[in-house]
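Peer 1: I'd like to go over a predicted model; first the sequence, then the structure.
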Amino acid sequence: MTETQPITVLLVDDQPLLRMGFRLILEGEEDLHIVGEASDGAEAVRLVRDLKPDVVLMDVRMPVLDGIEATRAITASRSCARIIILTTFDVDEYAFAGLQAGASAFLLKDVAPSELVSAVRVVASGDAVVAPRVTQRLLETYVRGAAVPAPSAAPRDALLEDLTPRETEMLGAMAEGLSNAEIAHRYFLSEATVKTHVRRILTKLHLRDRVQAVVYAYETGLVVPSNPDY
């Protein structure tokens, strides 16, 4: 019987007490292993390159290089590390900037221990569905504020032409914050079929995960903010 490799995690926060708290929570799980800590974004970029962690817990406000720029640098380096942005409020301009920079999810700093552990596991699996409706609410808030043009006026990304009509429907459903099970129920499909569609969409659009697919759907005008009073 082959032993499963633990999920490796890098902690990035300029406050030692917060790093210690996260370490105590995560190291209490047999399948999670802290491989390093960084106190600023520049150090985080170096450690991601050297240690190749599966998941990075990334604070935003840090000296030398902030968490948003560090996330952008790590994503641009083609690292396989999945980044979770740590924020103070759930609808937060930093969380939005983090998703735009390539983060897979964001969590509140006062997250419950069980939710933190679950989020790290989910993001490490590549599914990256952490509070999808909160992600949608965040995008509704900040994309609306950015005055994104209507779909008819927005230039259509050529990559969208590679999607089948069904895949385009699936992308729209993902942008609504629907889970695989909810998409399967809406379109009378099996969850396995939905997963296959999602995987193909990510491949065709050159996206890291489904959270990035949601960001893409809003930024390209495929989906627009629905309710101004959301």
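Peer 2: Yes, it's here.
Peer 1: so how far is residue 22 from the most centrally placed residue in the chain?
Peer 2: Residue closest to the mean C-alpha point of the chain, counted by C-alpha atoms, centre = their mean, is residue 104 at 1.5 Å. Between residue 104 and residue 22 the distance is 17 Å, computed by C-beta to C-beta, to the nearest Å. Glycine gets a C-beta too; all of them are placed from N, C-alpha and C.
Peer 1: cool, and residue 48?
Peer 2: 17 Å.
Peer 1: before we move on, what about residue 37?
Peer 2: For residue 37, the distance to residue 22 under the criterion C-beta to C-beta works out to 9 Å.
Peer 1: How about residue 218?
Peer 2: If you measure residue 218 against residue 22 using C-beta to C-beta, the figure is 30 Å.
Peer 1: cool, and residue 78?
Peer 2: Counting by C-beta to C-beta - residue 78 and residue 22 are separated by 26 Å.
Peer 1: Looking at these two, which is more packed in?
Peer 2: Neighbour totals were compared for residue 78 and residue 22, and residue 22 leads with 23 against 6 (other C-beta atoms under 10 Å).
Peer 1: The residue nearest to the more buried one when sequence neighbours are not counted: neighbouring residues, count only.
Peer 2: Using C-beta to C-beta, 6 or more residues apart in numbering and skipping the chain neighbours, the partner closest in space to residue 22 is residue 11 (5.4 Å). When counting by other C-beta under 10 Å, one arrives at 26 neighbours for residue 11.
Peer 1: wait, what's in contact with residue 11?
Peer 2: Going by C-beta atoms under 8 Å, 6 or more residues apart in numbering, residue 11 touches 19, 22, 23, 34, 36, 37, 38, 57.
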